[in-house]
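In: Provide a 3D model corresponding to the input given below.
(2 chains)
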Amino acid sequence: AQTVTQSQPEMSVQEAETVTLSCTYDTSESDYYLFWYKQPPSRQMILVIRQEAYKQQNATENRFSVNFQKAAKSFSLKISDSQLGDAAMYFCAYTDSWGKLQFGAGTQVVVTP
Amino acid sequence: GAVVSQHPSRVICKSGTSVKIECRSLDFQATTMFWYRQFPKQSLMLMATSNEGSKATYEQGVEKDKFLINHASLTLSTLTVTSAHPEDSSFYICSARESEGSWGSGNTIYFGEGSWLTVV
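Out: Reported below is the predicted structural model:
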């Protein structure tokens, strides 16, 4: 069975600074997809970034980038130039079949002025 | 972009009654939808996979008779919480795949807005 682990319950960052959220996963599959989702207090799930396991290049989306280490089964998210609107719960997620997602426990990001 | 709509966003029901939550894909056909449950300050837990025209596949530990899932059309899946009790109070959220066939790089997952269920 696949597992997704987020070991940081909460991370605090100052505006304009950078924060990195960690995520590790366990799988025996070679073809899979990894995601970072943002969940604000509204509970809406917002896709931040996705990474295909077969791609060696790390995905980037504006101020968000990942460090994907396939051999180490690590998938960290870096938020650069943090903004107040980045404050939310962030979930790391994995899927290898049909879009069924396995989520990590989540990391609460707090952004201070 | 594609949208998944979930209704109602909030519902309060009396203990012992049943409540239905709808998940609709508004501009695409979704043969597969997923239902998740989220307790306060916790992660999303997959409850079941909803398959159009066939029975849902439930995750281990999820009571099939309590959480009835019906995927009668390519754009609608429903979750019915039967004989609801206060412990069923939770946030329920659905997701849908936009593409057909096996999972691939062209696939996208869309989430509904979620439904808060309170059983009193």
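
In: what pairs with the spatially most central residue of chain A across the strands?
Out: Nearest residue to the geometric centre of chain A (C-alpha atoms, centre = their mean): A:Trp36, 3.3 Å. Assessed by DSSP bridges, A:Trp36 has beta-bridge partners A:Ile49, A:Cys92.

In: Equivalent analysis for B:Thr32, please.
Out: B:Asn51.

In: Mind jotting down where the strands sit in the chain?
Out: Answering for chain A, as no chain was given. Applying DSSP state E to chain A gives strands spanning A:3-5, A:10-14, A:19-21, A:24-26, A:33-39, A:46-52, A:60-61, A:64-69, A:74-79, A:88-95, A:102-103, A:107-112.

In: The intended chain is chain B.
Out: Under DSSP E, chain B gives strands at B:4-7, B:10-13, B:19-25, B:32-38, B:44-51, B:57-58, B:67-73, B:76-81, B:90-97, B:109-111, B:115-119.

In: What parts of chain B come near chain A?
Out: Residues of chain B lying near chain A by C-beta under 8 Å from any C-beta of the partner chain: B:32, B:34, B:36, B:38, B:42-46, B:49, B:91, B:93, B:95, B:97, B:102-103, B:105, B:107, B:109, B:111, B:113-114. From N, CA and C alone the C-beta is placed, and that goes for glycine too.

In: out of these, which are buried?
Out: Neighbour-count burial (16 or more other C-beta atoms under 10 Å in any protein chain shown) applied to these gives B:32, B:34, B:36, B:38, B:43-46, B:49, B:91, B:93, B:95, B:97, B:103, B:107, B:109, B:111, B:113-114.

In: what's the pLDDT at residue 87?
Out: Just going to use chain A. Looking at A:Ala87, its pLDDT is 98.

In: actually it's chain B I care about, not the one you picked
Out: 96.

In: Please apply the same query to B:Ser99.
Out: 62.

In: cool, B:Ser102 as well?
Out: So, for B:Ser102, pLDDT stands at 56.

In: do you know how far the closest residue to A:Met45 other than its chain neighbours is from A:Cys23?
Out: Among residues not flanking A:Met45 along the chain, B:Phe111 sits closest, at 3.9 Å (C-beta to C-beta, 6 or more residues apart in numbering or on different chains). Applying C-beta to C-beta, to the nearest Å, the value for B:Phe111 to A:Cys23 is 19 Å.

In: before we move on, the earlier item: give the contact list for the residue nearest to the centre of chain A.
Out: A:21, A:23, A:47-50, A:64, A:66, A:75, A:77, A:90-93 (C-beta atoms under 8 Å, 6 or more residues apart in numbering or on different chains).

In: Any quick ChimeraX command for the buried ones out of those?
Out: To isolate the buried ones among the contacts of A:Trp36 in ChimeraX, judged by 16+ other C-beta under 10 Å, type:
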select /A:21,23,48,49,50,64,66,75,77,90,91,92,93
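
In: how about the contacts of A:Trp36 in a markdown table, adding pLDDT?
Out: Converted to a markdown table, these look like this (pLDDT from 0 to 100):
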| residue | pLDDT |
| --- | --- |
| A:Leu21 | 98 |
| A:Cys23 | 98 |
| A:Leu47 | 93 |
| A:Val48 | 96 |
| A:Ile49 | 95 |
| A:Arg50 | 92 |
| A:Phe64 | 98 |
| A:Val66 | 97 |
| A:Phe75 | 97 |
| A:Leu77 | 98 |
| A:Tyr90 | 98 |
| A:Phe91 | 98 |
| A:Cys92 | 98 |
| A:Ala93 | 96 |
